[in-house]
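>>> This is a predicted model, with the sequence first.
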Amino acid sequence: MSIKPLVGTRILDFSKVLAGPLCTQALTDLGAEVIKIESLEGDDTRGWPPFREGDGAVFLATNRGKRSIAIDLKSEGGKEIVRKLVREADVVVESFGTGVAQRLGIDYEALKALNDKLVYCSISGFGRTGPLAHAKGYDMILQAFTGMCSIMGEPGSGPVRAPFSPVDQGTGMHATSAILAALLERGRTGRGCLVEVSLFETGVAFLGYMFQAYWERGTEPERFGCAHESLCPYEAFNASDKSVLIGVASEPLWRRFCEVVQLDDMKDDPRFKTNSLRVQNREATLAPIREVVAKHPAAYWVDLLVGNGIPCTQINSFSDVLNHPHTLDSGIIMHYESPTHGKLNAIGPPVKYDGVRSEPTQAPAKLGEHTHAVLAELGYTDQEIGQLQSVGAIATV
């Protein structure tokens, strides 16, 4: 059996897009009951192509295991539903713009008055205080603001954005660990607390060791493409058919590499004897390696170098990695049936407990799929639910 330490924990998820939904999906993988509280229009990512049965791929990738209720949070009926839910909740996660939760009456202080054991996680772009507290903070904006874009790309090129939203995803991971820590603390003290995470602080923290290098060096970092500013050779090379990435990160590896690829004259050349010297003489180091790597296909180099304990891989396409025997053997790709979306593939939790990975408990829900059931659990009658729907306070399917 997989470990489900959060069974019996109820989480109200007001967040949308990526950071918050990734956080709450991780928590549902750990056994939490997550109620996703959406606007009547739904999470923005439902509308981002490509689609499966009307829901976007980003939504499908970040919302498994949750129940969906659709509420107009500005309506009196919607506000009362939230109050009832909060009284029975353990955790609230929200990612509203600064000031929005207060205007809706669902900020930490308001909800703490209803439930002082509540762990309230607030996710924002730039944090809730400071000159940029009210600025919109999308992943792309924070990649640019924190300096990430300035260090990505090939030498001499313009700035580049990482397309897989690392700041959003990292913020979601920080939120998950912070919520777990807050729940542990509540177990000791009986008190909830306010947890705050931001894309800005995540982005800055991700660059921590590079900022340290900037302070010590005193100059801005250069763009190195697939290379590493502090290691050499540690980058992509063009084989005769595809690109490979070779990582030589120690002196024993360097000597072995020179022997294996038959560049013995480089092994004892004083210009290349240490990594710092190779970094200093980068082009002189790389030129003969490029020449020799280009003589054989990628598979040749992967077999030869990996077989001799030297880190090397071809640069895979999505198809390559998803169909690689190692990926298939790992079990990281999961498959499940959805009554509305059909058979879905998904990337599972990247963690195993005693060799077992958590299985999805439920496919991503349609907008408002569980509104009726959740309200019924709160004591609403069918007539009351119908009345709320007729005035536009809720939506059901």
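Perfect, thanks for sending it.

>>> buried residues in stretch 201-218?
Residues of stretch 201-218 classed as buried under the neighbour-count rule (16 or more other C-beta atoms under 10 Å) are 201-204, 206-207. Glycine gets a C-beta too; all of them are placed from N, C-alpha and C.

>>> and what of stretch 229-237?
229, 231-235, 237.

>>> ok, the residues you listed vs residue 258, which is closest?
residue 233 (10.4 Å; C-beta to C-beta).

>>> and the closest residue to residue 241 other than its chain neighbours, what does it touch?
Distances taken as C-beta to C-beta, 6 or more residues apart in numbering put residue 297 closest to residue 241, at 4.5 Å, once the chain neighbours are dropped. With C-beta atoms under 8 Å, 6 or more residues apart in numbering as the criterion, the residues that contact residue 297 are 239-242.

>>> Equivalent analysis for residue 197, please.
19, 121-124, 171, 174-175, 178.

>>> before we move on, back to that, okay if I get the contacts of residue 297 as TSV plus neighbour count, distance to residue 184 and secondary structure?
What follows is those, written out as TSV (neighbours: other C-beta atoms under 10 Å; distance: C-beta to C-beta, whole Å; DSSP: H, G, I helix; E, B strand; the rest coil):
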residue	neighbour count	distance to residue 184	secondary structure
239	20	49	coil
240	12	54	coil
241	12	52	coil
242	16	47	coil
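
>>> any low-confidence regions in this structure?
By pLDDT under 70, the weakly predicted segments of the chain are 1.

>>> The most centrally placed residue in it: what secondary structure?
In the chain, the centroid-proximal residue (C-alpha atoms, centre = their mean) is residue 169; its distance is 2.2 Å. Recorded secondary structure, residue 169: helix (DSSP: H, G, I helix; E, B strand; the rest coil).

>>> CA atoms only: put the helix or strand residue 253 falls within into CSV for me.
If you go by DSSP states H and E, residue 253 is part of helix 251-260. Only the C-alpha atoms of helix 251-260 are listed here, as CSV (Å, rounded to 0.1, in the frame of the first residue of the first chain):
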residue,chain,number,x,y,z
GLU,A,251,39.6,15.1,-12.3
PRO,A,252,39.3,11.3,-12.2
LEU,A,253,36.4,11.6,-14.7
TRP,A,254,38.5,13.8,-16.9
ARG,A,255,41.4,11.4,-17.0
ARG,A,256,39.1,8.5,-17.7
PHE,A,257,37.3,10.5,-20.4
CYS,A,258,40.5,11.4,-22.2
GLU,A,259,41.5,7.7,-22.2
VAL,A,260,38.1,6.4,-23.4
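
>>> my guess is residue 79 contacts residue 72, does it?
No. Applying C-beta atoms under 8 Å, one finds residue 79 not in contact with residue 72, separated by 9.2 Å.

>>> Mind jotting down where the strands sit in the stretch 201-350 of the chain?
Using DSSP state E, counting those that start in this stretch, the strands assigned to the stretch 201-350 of the chain run over residues 234-238, 243-247, 312-314, 333-338, 342-347.

>>> Same list (the ones you listed) but as CSV, adding distance to residue 192.
CSV is the format used below for those (distance: least, C-beta to C-beta, whole Å):
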stretch, distance to residue 192
strand 234-238, 46
strand 243-247, 45
strand 312-314, 46
strand 333-338, 33
strand 342-347, 32
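
>>> Of those strands, give the one that comes closest to residue 218.
Short answer: strand 234-238, nearest of the strands of the stretch 201-350 of the chain by C-beta to C-beta, at 23.1 Å.

>>> what's in contact with that closest one?
Contact with strand 234-238 is made by 224-228, 243-249, 286, 289-290, 293-294, 315, as judged by C-beta under 8 Å, 6+ apart.

>>> Pop the domain breakdown of this protein in here.
Following automatic domain parsing, one finds the domains of the chain at 10-206+334-395, 234-321.

>>> Please name whichever of these is nearest to residue 217.
Residue 217 lies closest, by C-beta to C-beta, to one member of the domains of the chain: domain 234-321, at 12.3 Å.

>>> now the closest one: how far from the chain's centre is it?
Taking C-alpha atoms, centre = their mean, to the nearest Å, one finds the center of domain 234-321 at 31 Å from the center of the full chain.

>>> Also stretch 333-349?
The answer for stretch 333-349 is 19 Å, by C-alpha atoms, centre = their mean.
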